[in-house]
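Participant: For reference, the sequence and a predicted model appear below.
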Amino acid sequence: MTWAFEDLEIDPDAVELRRAGVRVPVEPQVFEVLAYLVAHRDRVVSKEELMDQVWGGRFVSESAVTSRIKQGRQAIGDNGQAQRLIRTVHGKGYRFVGTVRDGAASPAPRHEPVGYAESDGLQIAYQVTGGGPRDIVLVAGFVSHLELDWADPRHAAFLDRLGGLGRLIRFDKRGTGLSDRPRDVPDLETRMHDLLAVMDASGSGRAVLFGYSEGGPMAALLAAMYPERVEALVLYGSYAKRERSDDYPWAPTREERQRYVERLAVEWSWEADMRVMAPSADDAMARWWGQRARAAATPSTVRALIAMNTLVDVRDALPSVRVPTLVLHRRGDRDSRPEEGRYLAEHIPGARFVELPGADHFVAIDSHQILDPIAAFLTSLGPTRPPDLALRAVLAIRGTVPPLAVPVTRTPAGVPVAIYDGPATAIRDMLTKPLGDARLGLHIAEIARDGAVVSGPGVDEAVRLASLAAPGHFLASVTVRDLVAASGIALVAAGDGVFSRP
């Protein structure tokens with residue numbers, strides 16, 4: 001029998017006290033006192049009974065018992081003032097009052113190897129667990145840590161069950177966790193490339209994407225731009241835009257986001273952050289959250305990540321998500337409002353929205369609430385073929401075609417166009433090339449994935465922008481401006497609904 005409580009477990013057979021699967025060193029008598037109190041937690045245990053059972057009837061002073069109680073409390077994160085787990089009943093003895101899960105041991109650290117995928121010369125850490133008929137790629141929220149993710153028993157249970165629905169592929173985004181930490185914080189497009197590199201390295205040709213919280217916008221963008229790699233999309237507790245505007249009134253204001261970043265980066269108060277995001281979280285989960293977050297990112301990285309996420313806006317990409325989609329959101333979520341989940345479902349064609357009870361944003365609290373509808377959704381999926389259309393950044397060219405990094409094709413009218421998987425990639429390519437007399441127009445368009453000739457309304461808009469551009473310059477649409485807002489690329493107004501470099 002193993003007794004588990006909070007993030008601790010007592011294993012009498014192994015004579016071990018473990019926290020998050022890691023052995024906590026304690027003296028043998030301290031362990032015996034703890035084990036005896038937990039085993040008899042239904043009643044008060046007197047000092048005399050402890051003396052008989054732990055010391056075997058040998059003479060021992062009451063101060064020795066008191067000393068072992070004090071050491072036991074310290075080992076499990078309690079003390080004589082709080083008496084959160086071991087309560088002193090004056091004149092009677094001691095009683096263990098924590099909530100015990102009989103036989104439900106905390107998970108031991110996972111030994112599945114952490115692999116590395118190369119992306120842009122950087123190493124992106126990933127881990128594969130579980131198994132099943134399909135691949136599931138988990139795009140986590142703000143930060144993650146592949147090893148410490150398993151250290152909280154509730155989060156480990158969430159990962160274990162998700163891994164029972166399919167082969168689970170997780171990764172630490174660049175700049176966080178066990179992945180390389182470049183100086184600059186990546187935008188969604190760069191992280192999208194990292195995710196594709198992880199899928200390639202893990203042998204996943206097509207997968208269900210499950211993005212929660214900050215992971216949702218990137219998952220949605222990849223589903224729109226690479227539908228051939230995405231079997232289905234699941235979004236939980238997520239959003240389309242992170243900063244409030246007149247047409248998106250549920251998000252925080254810029255000032256609220258700034259106060260948030262200052263509190264986290266200056267006070268480094270991750271435990272308090274968990275209490276806001278998940279009011280049902282207990283002390284053990286808050287401690288784990290703080291440990292995991294501090295190991296996953298530095299204060300400067302946190303500041304830059306929040307600044308980048310504040311500018312995220314994928315609204316224009318949502319109508320181009322053409323894979324089966326499930327959107328889940330808790331009714332009282334304080335981090336992202338349920339209206340934001342409904343917005344996602346309303347703007348993704350055919351998406352199903354499920355509103356869940358509760359106020360906890362984090363996936364590991366009452367995770368069955370989230371995983372039950374996901375399991376049903378995955379079971380309902382039949383064989384699907386990738387959509388014929390995919391969202392791409394289309395660069396139309398008037399004049400001499402510059403030496404670009406991607407092949408150039410043509411419209412039915414013969415206008416040269418270059419196709420990129422994202423607008424930030426296209427702009428960065430242009431900024432490193434001599435443009436000569438070329439006039440360029442950049443827009444986001446749905447195009448046939450395998451078409452030799454590129455056509456459609458979005459392509460026509462790119463051609464129109466090119467015709468308006470000055471030689472050696474490019475013009476971009478408002479959709480491009482919104483999608484590159486978090487990339488560090490500045491675009492300024494250059495007319496009605498058109499934008500260019502300053």
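Facilitator: In hand now; what should we look at?

Participant: Just the pLDDT at the residue lying farthest from the centre of the chain, thanks.
Facilitator: The centre of the chain is farthest from one residue, Phe59, which by C-alpha atoms, centre = their mean lies 56.6 Å away. Per-residue pLDDT puts Phe59 at 82.

Participant: I'd guess it is in a helix, am I close?
Facilitator: No - according to DSSP: H, G, I helix; E, B strand; the rest coil, Phe59 belongs to no helix; its state is coil.

Participant: Mind splitting this protein into its structural domains?
Facilitator: Per the record, the chain has its domains at 3-102, 114-240+314-380, 389-500, by automatic domain parsing.

Participant: does Asp149 sit in a helix, a strand or a coil?
Facilitator: Three-state call for Asp149 (three-state DSSP): helix.

Participant: I figured Ala197 was touching Ser119, is that so?
Facilitator: Yes - with contact defined as C-beta atoms under 8 Å, Ala197 reaches Ser119; the gap is 3.9 Å. Placement of C-beta: from N, CA and C, glycine included.

Participant: For the residue nearest to the spatial centre of the chain, which residues are in contact?
Facilitator: The centre of the chain sits closest to Ala140, judged by C-alpha atoms, centre = their mean, with a distance of 1.5 Å. Residues in contact with Ala140, defined by C-beta atoms under 8 Å, 6 or more residues apart in numbering, are 170, 173, 212-213, 215.

Participant: Just flag the most distant two among those residues.
Facilitator: Across the contacts of Ala140, the longest distance by C-beta to C-beta is 14.5 Å; it joins Arg170 and Ser213.

Participant: And the strands in the stretch 301-450 of the chain?
Facilitator: 325-330, 352-356, 389-398, 408-410, 416-420, 439-448 (DSSP state E, counting those that start in this stretch).

Participant: Export the ones you listed as CSV, with columns for distance to Phe499.
Facilitator: Listed next are those as CSV, based on distance: least, C-beta to C-beta, whole Å:
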stretch, distance to Phe499
strand 325-330, 30
strand 352-356, 33
strand 389-398, 14
strand 408-410, 23
strand 416-420, 17
strand 439-448, 9
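
Participant: Could I get those strands in TSV, plus columns for mean pLDDT, mean neighbour count and distance to Pro227?
Facilitator: Below are the strands of the stretch 301-450 of the chain laid out as TSV (pLDDT from 0 to 100; neighbours: other C-beta atoms under 10 Å; distance: least, C-beta to C-beta, whole Å):
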stretch	mean pLDDT	mean neighbour count	distance to Pro227
strand 325-330	98	24	11
strand 352-356	97	17	18
strand 389-398	95	25	5
strand 408-410	93	14	20
strand 416-420	95	22	15
strand 439-448	95	24	10
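
Participant: where do the helices sit along the stretch 101-250 of the chain?
Facilitator: Ranges of helices in the stretch 101-250 of the chain, per DSSP state H, counting those that start in this stretch, are 153-165, 188-201, 215-225.

Participant: what comes into contact with the first one?
Facilitator: This means helix 153-165. With C-beta under 8 Å, 6+ apart, helix 153-165 has contacts from 4, 7, 20, 104, 106-107, 129-132, 134, 136, 138, 149-150, 168, 170, 210, 285, 288, 363-365, 367-368, 370-371, 374-375, 378.

Participant: do you know how far the residue farthest from the centre of the chain is from Asp52?
Facilitator: The gap separating Phe59 from Asp52 is 11 Å, by C-beta to C-beta, to the nearest Å.

Participant: now Asp78, what's its secondary structure?
Facilitator: Going by three-state DSSP: Asp78 is coil.

Participant: Now do the contacts for it.
Facilitator: 84-86.

Participant: Of all those, the one with the weakest confidence?
Facilitator: Arg84 (86).

Participant: dump the residue contacts of that one.
Facilitator: Counted by C-beta under 8 Å, 6+ apart, Arg84 has contacts 77-78, 97-98, 283.

Participant: thinking again about what came up before, which stretch among the helices of the stretch 101-250 of the chain is buried most, on average?
Facilitator: Burial of these is given as mean neighbour count (mean count of other C-beta atoms under 10 Å); helix 215-225 ranks first at a mean of 27.

Participant: Go ahead and name everything in contact with that one.
Facilitator: 138-141, 188-189, 191-192, 195-196, 209-211, 229-230, 233, 235-240, 312, 314, 317-318, 320-323, 325, 344, 348, 390-392, 421-422.

Participant: Can you select the buried ones among those residues for me in PyMOL?
Facilitator: Only the buried entries of these go into this PyMOL selection, using 16 or more other C-beta atoms under 10 Å:
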select buried, resi 138+139+140+141+188+189+191+192+195+196+209+210+211+229+230+233+235+236+237+238+239+240+312+314+317+318+320+321+322+323+325+344+348+390+391+392+421+422
